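Novice: Okay, predicted coordinates and the sequence, questions at the end:
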Amino acid sequence: MQWLDGLIQGILLGGLYAQYALGMALMFGVMRIVNITHGDLMVLLALIGISAAASFTLGPWTTLAILVLIGAFIGYALQRVILNRVVGADPLPSLIATFGLSIALQNAMLQIWSADTRSLPGGEITQASFQIGAMFVGVLPVIVLVTATVLTGGLDAALRFTRFGRALRAAAADVEAAALTGVNPKTVYAASTAIAVAILGFAAVFQSMRATVAPADGPFQLIYAFEAVIIGGMGSIWGAFLGAMVLGISQSIGFRIDPGFGILAGHLVFLIVLAVRPQGILGKG
Amino acid sequence: MSAPLLSTHGLVARYGDFQALYGVDIEVAAGEIVALIGANGAGKSTLLKSVMGLLPVAPDMVRLDGRPVGGSQPYRMVSAGVAIVPEGRRLFAGMSVEDNLRVAVDHAARAEGGGWTLDKVFGLFPMLREKRSTPVQSLSGGQQQMVAIGRALLNQPRLLLCDEISLGLAPKVVREIYQSIPSISQAGTAIILVEQDVGLAQSASDRLYCMLEGRVTLTGRSSETSRDAIGAAYFGASHAVA
């Protein structure tokens, strides 16, 4: 029973990790841009949301809508102002540029919000749960998982079947050939990063409703997102979702083996996947 | 007098310190097939790249319908009605034949070109219809070239630039591909053929330009230009073939 509970809690935790990982799957997996600020942007959105909710007494769903819009704007600006200048076959320039930005962001957030941990008051929904047999399942984690599944399905379909998705895949495959076929790569990339950061708006709200956030938390979320994408397979959106599940379940089972072992268990499973199946679960070749 | 579809005026292009074109003037009229021949390094591909906006050139050096377009972003050239079959095909790996073609459909030129549709492209290259769901990297070289041509056509160009479309293909496949040229031309599209095979270029085109070391050394009607004249222009006068 304890293990079944661990499995279910792990899947629910994976729902949250999937929301970190989706934007990463788009930027790192498809566009091959290494965005070190990924976790920091999630924290930034969460802190903005918490402050806005407190100042204007917004409910969590209003906050969510606002954060998704702000996220889209930040993503668009990030790509237009910084990443479009360093994008290319070599991932190193984007890594260095965003690494610097990450440090600046963390310090700026520390300056504005201090090092305190904060959370978003979610009302009754954060406490609500229902019973399956002998187990209690929280309503909020289920909402998180359902949201993650819908976002994954939507993003995957957008990449496969829309004009935008085809243009993005074409630009990721050969940016010059895409331009010669009429695609404006800079616009497509800016839209794509806008989507990636907008999805972090969801993660920001759910993370700060379920737990707490502090300015220095970003790097942890960054690692989970990287690990989920790599476990799942580069370039695969559903792969990132599966990778997030593997990570969530590993951590959840690990916690039940020993409370100090949870996070490490996730990293160990990541290393095992890297050794046994480096292309990831759904990766090709 | 109406302006030619495409013209270049003293076109100069360089890669860093290396100058590749020294004042090239060419003209292409609507619906015309023009061959561009010359040895490796003569500047043929550079000329096409300059027209497409892949190399920085001054606006006045490239004119489309008489309007200066030199140095425009490639996607703007496409929407103005110029498409290219790039050297080495440059298909979108990991995407199916149909998705490769659809990228071009999605970003077709504003003005109608030959009215190309997926069906018409499949009519031109029937083999692609069966392979429409196949990832492009598992096609043969000839089939990939057909996808590259189909992709450019679906941009609905008024002018199609073909960069070495016979390169690395078996003679039988080259014939198959060149058989498509008249149907493309009949749809009203002008074509510039960059070609290593002089005989092939001459027989497929209305007019030709021969380039040597970044300059045009010969121009004339393809059917009226002698092999000797081409030989002299191709290798330089001092190396004229006997």
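Specialist: Cool, the structure landed. Numbers count the residues shown, from 1 in each chain, chains lettered A, B, ... in the order given.
Novice: tell me which element A:Leu274 is part of?
Specialist: In this structure, A:Leu274 sits in helix A:262-276 according to DSSP states H and E.
Novice: Let's see that helix as PDB, backbone CA atoms only.
Specialist: This file holds the C-alpha atoms of helix A:262-276, laid out as PDB (Å, rounded to 0.1, in the frame of the first residue of the first chain):
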ATOM      1  CA  GLY A 262      14.100  11.200  -2.300                       C
ATOM      2  CA  ILE A 263      15.800  14.000  -4.300                       C
ATOM      3  CA  LEU A 264      19.000  11.800  -4.700                       C
ATOM      4  CA  ALA A 265      16.900   8.900  -6.000                       C
ATOM      5  CA  GLY A 266      15.600  11.100  -8.800                       C
ATOM      6  CA  HIS A 267      19.100  12.100  -9.800                       C
ATOM      7  CA  LEU A 268      20.300   8.500  -9.700                       C
ATOM      8  CA  VAL A 269      17.500   7.300 -12.000                       C
ATOM      9  CA  PHE A 270      18.500  10.200 -14.300                       C
ATOM     10  CA  LEU A 271      22.100   9.000 -14.300                       C
ATOM     11  CA  ILE A 272      21.000   5.400 -14.900                       C
ATOM     12  CA  VAL A 273      18.800   6.400 -17.900                       C
ATOM     13  CA  LEU A 274      21.800   8.500 -19.200                       C
ATOM     14  CA  ALA A 275      24.000   5.400 -19.000                       C
ATOM     15  CA  VAL A 276      21.500   2.800 -20.300                       C
END
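Novice: can you pull the buried residues of it?
Specialist: Buried residues in helix A:262-276, defined by neighbour count with 16 or more other CB atoms under 10 Å in any protein chain shown: A:262, A:265-267, A:269-270, A:273. Heads up, the C-betas are built off the backbone N, CA and C, glycines and all.
Novice: give me every residue that touches A:Pro215.
Specialist: Counting by CB atoms under 8 Å, 6 or more residues apart in numbering or on different chains, A:Pro215 touches A:43, A:47, A:106, A:109-110, A:113-115.
Novice: let's see 7 Å
Specialist: Listed by CB atoms under 7 Å, 6 or more residues apart in numbering or on different chains, the contact partners of A:Pro215 are A:43, A:106, A:109-110, A:113, A:115.
Novice: Now those in a markdown table, please, with extra columns for neighbour count and secondary structure.
Specialist: Below are the contacts of A:Pro215 laid out as a markdown table (neighbours: other CB atoms under 10 Å in any protein chain shown; DSSP: H, G, I helix; E, B strand; the rest coil):
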| residue | neighbour count | secondary structure |
| --- | --- | --- |
| A:Val43 | 29 | helix |
| A:Gln106 | 20 | helix |
| A:Met109 | 23 | helix |
| A:Leu110 | 13 | helix |
| A:Trp113 | 19 | helix |
| A:Ala115 | 9 | coil |
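Novice: What is the nearest of the residues you listed to chain B?
Specialist: Comparing the contacts of A:Pro215 against chain B with CB to the nearest CB places A:Val43 closest, at 33.3 Å.
Novice: Hmm, that closest one is touching A:Gly218, no?
Specialist: Yes: look at A:Val43 against A:Gly218 with CB atoms under 7 Å: they come within range, at 4.8 Å.
Novice: so where do the strands sit in chain B?
Specialist: Assigned by DSSP state E, chain B shows strands spanning B:6-8, B:11-15, B:18-24, B:27-28, B:33-38, B:62-64, B:67-68, B:82-85, B:159-163, B:190-194, B:207-212, B:215-221.
Novice: Tell me the residues on chain B that lie near chain A, please.
Specialist: Within chain B, the positions near chain A by CB under 7 Å from any CB of the partner chain are B:52, B:74-75, B:78-79, B:84, B:86, B:90, B:92-95, B:99, B:102-104, B:106-108, B:151, B:155.
Novice: ok, of these, which come out buried?
Specialist: Buried among these by 16+ other CB under 10 Å: B:52, B:74-75, B:78-79, B:84, B:86, B:90, B:92, B:94-95, B:99, B:102-104, B:106-108, B:151, B:155.
Novice: Find the closest residue to chain A in chain B.
Specialist: For chain B, CB to the nearest CB, closest residue to chain A: B:His107, 2.9 Å.
Novice: chain center to the helix of greatest length in chain B: distance?
Specialist: Across chain B, the longest stretch assigned as helix under DSSP state H is helix B:141-153. Centroid separation for helix B:141-153 versus its chain: 13 Å, with CA atoms, centre = their mean, to the nearest Å.
Novice: So for that helix, mean pLDDT?
Specialist: Average pLDDT, helix B:141-153: 96.
Novice: What residues sit buried inside it?
Specialist: Those would be B:142-153, for helix B:141-153 by 16+ other CB under 10 Å.
Novice: Then stretch A:86-99?
Specialist: For stretch A:86-99, the neighbour count (16+ other CB under 10 Å) marks A:86-87, A:94, A:97-98 as buried.
Novice: The helix or strand bottoming out on mean pLDDT in chain B vs strand B:207-212, what angle?
Specialist: Here the helix or strand of chain B ranked lowest by mean pLDDT, DSSP states H and E is helix B:227-235, holding a mean of 88. Helix B:227-235 runs at 40 degrees relative to strand B:207-212, counting by axes from the mean of the first three to the mean of the last three CA atoms, to 10 degrees.
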